[in-house]
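Participant: quick one: sequence plus predicted model below, questions after.
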Amino acid sequence: MIFLWAFLVGGVICVIGQLLMDVMKLTPAHTMSTLVVSGAVLAGFGLYEPLVDFAGAGATVPITSFGNSLVQGAMEEANQVGLIGIITGIFEITSAGISAAIIFGFIAALVFKPKG
């Protein structure tokens, strides 16, 4: 049953993203930013973690989870270190994902002929 809920929740998040692009005519960059901010706002109100507990990978794989990670890292470090922990916590918890995106993007640019 957990696979079904993961599929449905992840699918709904993707449908929302697609509707933002098709109906509201947002660019992919605007859509991605909107989904990241939505995940951060939901995490700030404490609503994203119950969604992760309910849907598992359906909530942790989409880009909304990145916004959740940003807020969770900032809040954890702020509780431990103080105000400077907000900045360091964001980078501490998301550094692996950001580094992977940069490294794999660089490798893809070396392997394939980039346009532009």
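Facilitator: Good, I have the coordinates. Residues are numbered from 1 along each chain as shown.
Participant: quick check: Leu4 vs Thr60, distance?
Facilitator: Between Leu4 and Thr60 the computed distance is 16 Å (Cβ to Cβ, to the nearest Å). C-beta: built from backbone N, CA, C; applies to glycine.
Participant: now Pro114
Facilitator: 30 Å.
Participant: also Ile86?
Facilitator: Shown here: Ile86 relative to Thr60, a distance of 22 Å by Cβ to Cβ.
Participant: and Gly39, what does it touch?
Facilitator: With contacts taken as Cβ atoms under 8 Å, 6 or more residues apart in numbering, Gly39 has the following neighbours: 48, 63-68.
Participant: quickly find the element holding it.
Facilitator: Assessed by DSSP states H and E, Gly39 sits inside helix 28-44.
Participant: in CSV, list the C-alpha atoms belonging to that helix.
Facilitator: Presented in CSV, the C-alpha positions along helix 28-44 are these (Å, rounded to 0.1, in the frame of the first residue of the first chain):
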residue,chain,number,x,y,z
PRO,A,28,10.4,25.5,-16.0
ALA,A,29,12.7,27.7,-13.8
HIS,A,30,9.7,29.5,-12.3
THR,A,31,7.9,26.2,-11.8
MET,A,32,10.9,24.7,-10.0
SER,A,33,11.3,27.7,-7.8
THR,A,34,7.6,27.7,-7.0
LEU,A,35,7.7,24.0,-6.0
VAL,A,36,10.9,24.5,-3.9
VAL,A,37,9.3,27.5,-2.0
SER,A,38,6.1,25.5,-1.6
GLY,A,39,8.1,22.7,0.1
ALA,A,40,9.9,25.2,2.3
VAL,A,41,6.6,26.9,3.4
LEU,A,42,5.0,23.5,4.1
ALA,A,43,8.1,22.5,6.1
GLY,A,44,8.0,25.8,8.0
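Participant: after it, next one along is what?
Facilitator: Counting by DSSP H and E, the element that comes right after helix 28-44 along the chain is helix 48-55.
Participant: list the helices and strands that next one packs on?
Facilitator: When contacts are defined as 3 or more Cβ pairs under 8 Å, 6 or more residues apart in numbering; DSSP states H and E, helix 48-55 packs onto helix 2-22, helix 28-44, helix 57-60, helix 64-80.
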